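S.K.: pasting the sequence and the predicted model now:
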Amino acid sequence: MAPLLEIDRLSVDYGLKGVSSRAIDCVSFALRAGEAVGLVGESGSGKTTTAMAIAGLLSPNARISGGQVRYRSNRLPIDDDAAMRPHRWSETSVVFQGAMNALNPVHRIIKQIAEPCILKLGMSRGEATTRARELLELVGIPADRGTAYPHELSGGMRQRVMIAMALACRPSIIIGDEATTALDVMTQAQILKLLGELRSRLSLALILITHDLSVVAECCDRVMIMYAGRIVEDSTVDEIFAQPKHPYTRLLIESIPNLASGKRVIRPIPGDPPNLMNRPSGCAFHPRCPSAMGVCATEVPSLDKVGPGRVACHLHRSSQEDKVAAHA
Ligand code: SF4
């Protein structure tokens, strides 16, 4: 069966004061119906640009410089905001970070959830209000709380409202862009649990954008680790946590606090994220990598199949070439 969504060698550049910098470079992956995938990386890694490109929501100074996105095998007009409108909400919806900024403070939440049903599905005001009440119940908010204004709800409740809005037009893909980042740990766990439940109940595919690897462990099947605009590792959640192959992935895992295991010392990743206006040569991670070799500063590693996933690292390319040489 063809994937629901295919991102094929997608590259995006941003222009600033006449200077162009590449935010994502030749990013490729596929998403199956009902699958949950995490895009993980530090700020500036390209995860949000990837997600916004998929939704056709890139900022005006962004330019698609290569590749394409296909939905159900059809190419999406991701560089044309007006042409993407029929697709957005109806097929792919985005839940953004910081619901307080995304919700209109002067409208009751029931009205805000009903709005996309009127605009996109052509429902009457009465039908849309009924649908909005159902959506509130679906995300765990009693329908009679629909008369509240955003400031009368907790952060977790507001994020549930954002999820209800995203579900309004029955999309098949939800993109969560740091959707739990501003929440406390308990509320974050509840929202992730809710997304997991909605995913199985509605057969939704999820793309979760986060800098926090522990978030994807909760509710994703697969993780893609991004660094300096490229995917550096892509594998199942189990494989990534049990046997991380890329040095950056290993350092990300070591930087997660784990109270259950009694791990008290958190090891931050040394060095600073790369400046995309002045990207390091070769493997962009080489200035920070504890395993860097000579070749790492000159050759960009390709994203190759290693075990059940894909890895972009010369350490693994060498072992593959050795194996090929041994069998020659
Ligand atoms: Fe480290 Fe080299 Fe692998 Fe990059 S290619 S992650 S620098 S070992």
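M.R.: Good, I have the coordinates.

S.K.: burial measure for the closest residue to residue 32 other than its chain neighbours, as a count.
M.R.: Leaving aside its sequence neighbours, residue 32 sits nearest to residue 3 (CB to CB, 6 or more residues apart in numbering; 5.4 Å). From N, CA and C alone the C-beta is placed, and that goes for glycine too. Applying other CB atoms under 10 Å, we find 17 other residues in the vicinity of residue 3.

S.K.: so which residues of this protein form strands?
M.R.: Taking DSSP state E, the strands of the chain run over residues 5-16, 19-31, 36-40, 62-71, 74-75, 92-96, 173-177, 205-210, 222-227, 230-236, 304-306, 309-311.

S.K.: helices or strands up against the fourth one?
M.R.: I take that to be strand 62-71. strand 5-16, strand 19-31, helix 47-54 (3 or more CB pairs under 8 Å, 6 or more residues apart in numbering; DSSP states H and E).

S.K.: quick one on the thing from earlier: want to throw the strands of the chain into JSON lines with distance to residue 242, mean pLDDT and mean neighbour count?
M.R.: As requested, those are exported to JSON lines (distance: least, CB to CB, whole Å; pLDDT from 0 to 100; neighbours: other CB atoms under 10 Å):
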{"stretch": "strand 5-16", "distance to residue 242": "26", "mean pLDDT": "95", "mean neighbour count": "18"}
{"stretch": "strand 19-31", "distance to residue 242": "21", "mean pLDDT": "94", "mean neighbour count": "19"}
{"stretch": "strand 36-40", "distance to residue 242": "16", "mean pLDDT": "95", "mean neighbour count": "25"}
{"stretch": "strand 62-71", "distance to residue 242": "31", "mean pLDDT": "96", "mean neighbour count": "17"}
{"stretch": "strand 74-75", "distance to residue 242": "37", "mean pLDDT": "96", "mean neighbour count": "10"}
{"stretch": "strand 92-96", "distance to residue 242": "29", "mean pLDDT": "91", "mean neighbour count": "23"}
{"stretch": "strand 173-177", "distance to residue 242": "25", "mean pLDDT": "93", "mean neighbour count": "24"}
{"stretch": "strand 205-210", "distance to residue 242": "20", "mean pLDDT": "94", "mean neighbour count": "25"}
{"stretch": "strand 222-227", "distance to residue 242": "12", "mean pLDDT": "96", "mean neighbour count": "26"}
{"stretch": "strand 230-236", "distance to residue 242": "9", "mean pLDDT": "97", "mean neighbour count": "24"}
{"stretch": "strand 304-306", "distance to residue 242": "14", "mean pLDDT": "94", "mean neighbour count": "14"}
{"stretch": "strand 309-311", "distance to residue 242": "12", "mean pLDDT": "96", "mean neighbour count": "22"}
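
S.K.: how about those strands, which one is nearest the ligand?
M.R.: The closest of the strands of the chain to the ligand is strand 230-236. By CB to the nearest ligand atom, the value is 7.1 Å.

S.K.: from what I can see residue 271 touches residue 285, true?
M.R.: No - in this structure, residue 271 is not within contact of residue 285 by CB atoms under 8 Å, at 9.2 Å.

S.K.: can you get me a residue count around the nearest residue to residue 110 once chain neighbours are set aside?
M.R.: Once flanking residues are discounted, residue 110 sits nearest to residue 146: 3.2 Å by CB to CB, 6+ apart. Neighbourhood size, residue 146 [other CB under 10 Å]: 22.

S.K.: same check, this time on residue 127
M.R.: The number of residues near residue 127, taken as other CB under 10 Å, comes to 14.

S.K.: contacts only, for it.
M.R.: residue 117 (CB atoms under 8 Å, 6 or more residues apart in numbering).

S.K.: any idea how far it lies from residue 117?
M.R.: Counting by CB to CB, to the nearest Å, the gap from residue 127 to residue 117 is 7 Å.
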